[in-house]
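Participant: Could you look at this predicted model? Sequence included:
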Amino acid sequence: MAAQKINEAHEHIAKAEKCLKTSMTKWKPDFDSAATEYSKAAVAFKHAKQFDQAKEAYLKEAEYHTENKALFHAAKAYEQAGMMLKDMKRMPEAIQLIEKACVMYVENGTAGTAGIALDRAGKLMEPMDLEKAVDLYQKAAYVFETEDRLTQAAEMLGKASRLLVRLRKLDDAAASLQKEKTMYKDLENYPTCFKKTTAQVLIHLHRGDFVAADKCVRESYSFPGYNNSEDCVAMETLLQGYDEQDEDQVHRVCNSPLLKYMDNDYAKLAISLRVPGGGGSKKKKTPAAPQGGAGGPAAAAADDDDYEEGGLC
């Protein structure tokens, strides 16, 4: 079967070379037909598991489509050549070809296809190079944004933001999340804005920037429905506990279902959050009442006992 496919591929290459020849009656090479034959040769090589030869055939197809000013088809061929390199475990070269294809998609006016290809490339790179995956997702977001496809752009930024957290590039992650949240605000997707605020707060607290975390919550009061949302209550409680160095309160919020079931990278931020100088539960101080009255020392002591037994309730 493999030998048959290889022979078939070589037959298509021979036809392609014939299409490129010129003569007294044929002044110009037939680039379109040559590209078609090389495409068929590439498919035959691929079926025979001859990935290197398939890649070379796709590159030839791309070359002749480019000569014929058929940029979309040339880009597709470069993308296919990249996939052959992926199958050969030559990922850096594969990504280079896919990025080249994306430039051609944009030049052709089909930026949406470029965004999809960059997203696909990002997924391929995640297991081996997170920084490159971030770069690809950010490029995809930019492409979608220029096309005014904000939903897809925000989704790509979301992938980049999570990977930046994984890389512990928290400053970059905070900036990425802010841009992401702005897009969702423009889309009037306010519940998602609430979730992005929660992620931002966790990142800022890990950065040790309480002021920035508090500012995120305050700015989010402008979103319809945020004030009465469980996200708002949780963040206000978290910030209060963090500010008062109440480790128990912070622990309760960070281990609540609301935070534990966030995207995994943010959930890890929640469960690993520690209060600087925290030392368990902090009790509120009861002001001393004037001596000799109904609120004398004995009453104050009774109030303390009540607090110990019943808590804030």
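Facilitator: Cool, got the structure.
Participant: Could you use CA atoms for every contact and neighbour count after this?
Facilitator: OK.
Participant: Residue 154 and residue 193: what is the separation?
Facilitator: 11 Å (CA to CA, to the nearest Å).
Participant: Show me which of those two is the more surrounded one.
Facilitator: residue 154 (26 against 22; other CA atoms under 10 Å).
Participant: what's the overlap in contacts for residue 154 and residue 193?
Facilitator: Listed as contacting both residue 154 and residue 193 by CA atoms under 8 Å, 6 or more residues apart in numbering are 181, 184.
Participant: could you say which helix or strand contains residue 151?
Facilitator: helix 150-166 (DSSP states H and E).
Participant: What are the contacting residues of that helix?
Facilitator: 119, 130-131, 133-135, 137-138, 140-145, 170, 172-174, 176-177, 180-181, 183-184, 187, 265-266.
Participant: I'd like the average pLDDT over it.
Facilitator: Per-region confidence: helix 150-166 scores 97 on mean pLDDT.
Participant: Toward the C-terminus, what is the element adjacent to it?
Facilitator: That would be, after helix 150-166 and using DSSP H and E, helix 170-186.
Participant: List the contacts of that next one.
Facilitator: Outside helix 170-186, the residues that reach it (CA under 8 Å, 6+ apart) are 150-151, 154, 157-158, 160-162, 164-165, 190, 192-193, 196-197, 199-200, 203-204, 207.
Participant: buried residues in that helix?
Facilitator: 170, 173-174, 176-178, 180-181, 183-184 (16 or more other CA atoms under 10 Å).
Participant: Likewise for stretch 14-22?
Facilitator: 15-17, 19-20.
Participant: Also stretch 217-225?
Facilitator: Those would be 217, 220, for stretch 217-225 by 16+ other CA under 10 Å.
Participant: before we move on, back to that, keeping just the C-alphas, turn the helix holding residue 151 into PDB.
Facilitator: C-alpha atoms of helix 150-166 as PDB (Å, rounded to 0.1, in the frame of the first residue of the first chain):
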ATOM      1  CA  LEU A 150     -14.200  40.500  20.300                       C
ATOM      2  CA  THR A 151     -15.500  37.200  21.700                       C
ATOM      3  CA  GLN A 152     -12.800  35.200  20.000                       C
ATOM      4  CA  ALA A 153     -10.200  37.900  20.900                       C
ATOM      5  CA  ALA A 154     -11.100  37.700  24.600                       C
ATOM      6  CA  GLU A 155     -11.000  33.900  24.500                       C
ATOM      7  CA  MET A 156      -7.500  34.000  23.100                       C
ATOM      8  CA  LEU A 157      -6.400  36.500  25.700                       C
ATOM      9  CA  GLY A 158      -8.000  34.300  28.400                       C
ATOM     10  CA  LYS A 159      -5.700  31.400  27.300                       C
ATOM     11  CA  ALA A 160      -2.700  33.700  27.400                       C
ATOM     12  CA  SER A 161      -3.600  35.100  30.800                       C
ATOM     13  CA  ARG A 162      -3.800  31.600  32.300                       C
ATOM     14  CA  LEU A 163      -0.500  30.500  30.900                       C
ATOM     15  CA  LEU A 164       1.200  33.700  32.200                       C
ATOM     16  CA  VAL A 165      -0.100  32.800  35.700                       C
ATOM     17  CA  ARG A 166       1.400  29.300  35.200                       C
END
